[in-house]
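Engineer: What shape does this take:
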Amino acid sequence: MDPNVAGSSPVDRPFFLEWVLSLFEALILGLVQGIAEFLPISSSAHLKFTKWLLGIADGQHLEYFDLVCHGGTLLALILFLWKDILKVLSSFRLMSLYALAIVPLIPAYLFLKPLRVAAAQGEYLGYCLVATAALLFLASRKKEAEVTDLKWKDVVCIGVMQTMALIPGISRSGSTISAARFCGWNWMDAARFSFLLAVPTVLGGELLETVKLLKGTSDAVGALRWECYAGGFISSFAFGLLGVRWMFKIYEKGNVRPFAWYCLGIGLLAWMVFHAW
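Structural biologist: Residues are numbered from 1 along each chain as shown. Predicted coordinates:
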């Protein structure tokens, strides 16, 4: 995106061409985030892989851009589920259960940072994607039943599984939906709970990381021009609206095995790219 980020220099690219390519790369990354966020394939892993394909050096300087892209898909999710969100907010019991599901994430986020940072290295990306594939394969084999009432034990199980998604390559939706399937839920009930749970989870993460970046790493906030941030947000929002609608239609049929095979394939490819080569 930025000449220094992409590994080139202003001399290598004329100013106008550099601006066009930077905006184009931002739009591509926003597109990837928008589509991958609601598929059980790990959007964080696909952002890392796309940056590698585009020749963009990943690192702290792009953290704020990634947050902006996640903000676009979060807005798309809120607009798609606004009726369900209002239903949750009107029920103290439902709010308590969703809050309970978030509780395991707090200590994992605060106290396991060294482990998260180590596991986020590229050489582990392939292993994590293969783990996501395994979860989806196992979930597709479980029998399902209609959920008539949310049980706190199921909610805690889903919350614990969500902590795995702090590691790039472990899909948040894939892990939480698989956990719900292991508890006997059908695909639609599992998907709806997972995506509703994503709203406070992603929103909380966005606020925490934004405050940290604004307070301590100003270079990350100003690493790119404003057009790149705007392009990434708009692209992730637009494709997020399409992605979440498409994914719910897929969960209606319960046909997720193609995504399991995809994660297995892209996981092996990522292993070769970041580890074996």
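Engineer: can you give me phi and psi for the nearest residue to residue 174 once chain neighbours are set aside?
Structural biologist: In this structure, residue 174 finds its nearest non-sequential neighbour in residue 40, 3.2 Å apart by CB to CB, 6 or more residues apart in numbering. To be clear about C-beta, it is placed using only N, CA and C from the backbone, and glycine gets the same treatment. Torsion angles at residue 40 (phi, psi; degrees, to the nearest 10) stand at phi -80, psi 60.
Engineer: how far away is residue 40 from residue 54?
Structural biologist: Separation of residue 40 from residue 54 (CB to CB, to the nearest Å): 24 Å.
Engineer: got it, and residue 97?
Structural biologist: For residue 97, the distance to residue 54 (CB to CB) stands at 41 Å.
Engineer: More neighbours: which of these two?
Structural biologist: Legend: neighbour count by other CB atoms under 10 Å for residue 97 and residue 54, higher for residue 97 (21 against 14).
Engineer: Am I right that that one is in contact with residue 156?
Structural biologist: No. If you go by CB atoms under 8 Å, residue 97 and residue 156 don't touch, sitting 9.5 Å apart.
Engineer: Can you give the distance of the top helix by length along the chain from its chain's centre?
Structural biologist: With secondary structure taken from DSSP state H, the chain has its longest helix at helix 187-216. In terms of CA atoms, centre = their mean, to the nearest Å, the centre of helix 187-216 is found 9 Å from the chain centre.
Engineer: counting contacts, what elements does it pack onto?
Structural biologist: For helix 187-216, the packing partners by 3 or more CB pairs under 8 Å, 6 or more residues apart in numbering; DSSP states H and E come out as helix 63-80, helix 82-89, helix 92-102, helix 105-111, helix 152-162, helix 172-182, helix 218-221, helix 226-253.
Engineer: Format those helices as a markdown table; extra columns: distance to residue 209 and mean pLDDT.
Structural biologist: Listed next are the helices and strands packed on helix 187-216 as a markdown table, based on distance: least, CB to CB, whole Å; pLDDT from 0 to 100:
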| stretch | distance to residue 209 | mean pLDDT |
| --- | --- | --- |
| helix 63-80 | 6 | 92 |
| helix 82-89 | 22 | 96 |
| helix 92-102 | 16 | 95 |
| helix 105-111 | 10 | 84 |
| helix 152-162 | 17 | 94 |
| helix 172-182 | 15 | 94 |
| helix 218-221 | 10 | 54 |
| helix 226-253 | 15 | 92 |
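Engineer: how near is the residue nearest to residue 138 when sequence neighbours are not counted to residue 104?
Structural biologist: In this structure, residue 138 finds its nearest non-sequential neighbour in residue 178, 6.8 Å apart by CB to CB, 6+ apart. Look at residue 178 and residue 104: by CB to CB, they are 16 Å apart.
Engineer: So which of these two has more stuff around it?
Structural biologist: Of the pair residue 178 and residue 104, residue 178 is the one with more neighbours under other CB under 10 Å, namely 28 against 17.
Engineer: what sits against that one?
Structural biologist: Going by CB atoms under 8 Å, 6 or more residues apart in numbering, residue 178 touches 40, 135-136, 138-139, 161.
Engineer: top of those by neighbour count?
Structural biologist: Top of the contacts of residue 178 by neighbour number is residue 40, holding 28 neighbours under the definition other CB under 10 Å.
Engineer: So residue 41 belongs to a helix, correct?
Structural biologist: No. Counting by DSSP: H, G, I helix; E, B strand; the rest coil, one finds residue 41 to be coil, located in no helix.
Engineer: coming back round to it: tell me which of the helices and strands packed on helix 187-216 approaches residue 120 most closely.
Structural biologist: In terms of CB to CB, the element of these nearest to residue 120 is helix 63-80, at 11.5 Å.
Engineer: Now do the buried residues in the closest one.
Structural biologist: For helix 63-80, the neighbour count (16 or more other CB atoms under 10 Å) marks 63-74, 76-77, 80 as buried.
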